[in-house]
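# what shape does this take:
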Amino acid sequence: MKKTIILFISLFSFAVYSQDADYSAYFKSGTKLNVNDLDQLLGQVYLEKAQDIKQTVRYEDYTELLSHRMAIVQIPEGKIGSLLSTNDLPLNIEYNSELTYDKDFNLSTFNPFKYDMNFFPNTSSVSYRIGNSDYIVIILAK
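Have a look, this model is predicted:
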């Protein structure tokens, strides 16, 4: 029984890793969000608390995330598979209870900080489908 459980966990971990590894190949062709918009993006989610975040290491981490580790990619139809959608993630409403899910994806208004994404994955990358669109967000490990 113990061997079966270990085998199952190993296969599951490999399947998750393989799925993300496939999407990470698209990273270089993706669009990065503008790091100059970071204050605005954080302000939409954290309201007044955003000013406090600017004084922390987390702000530097978010700057590095937008600059080097996150990309938005349009995936050819039929290639997305069964990625977890941002619509299935909890919203970060602790500071702004008026946040809502995006009905349609728009690159110029997309705010990844609205969603409870894993911005610091333990695997090489993590990917999420953006709503029901043919776009995904890819986040590379630090």
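
# my read: residue 91 touches residue 100, true?
Yes: the criterion here is C-beta atoms under 8 Å, and residue 91 meets it with residue 100 at 7.5 Å. (Each C-beta comes from the backbone N, C-alpha and C, glycine too.)

# in terms of neighbours, single out the busier of these two.
residue 91 (16 against 8; other C-beta atoms under 10 Å).

# now name the helix or strand holding the residue lying closest to the more buried one once chain neighbours are set aside.
With C-beta to C-beta, 6 or more residues apart in numbering as the criterion, residue 91 has its nearest non-adjacent residue at 4.9 Å, and that residue is residue 99. Residue 99 belongs to no helix or strand when assigned by DSSP states H and E.

# and the pLDDT for residue 99?
We have a pLDDT of 97 for residue 99.

# what about it, how many residues close to it?
By other C-beta under 10 Å, 16 other residues sit near residue 99.

# I'd assumed residue 89 was in contact with it.
No: with contact defined as C-beta under 8 Å, residue 99 does not count as touching residue 89 (11.8 Å).
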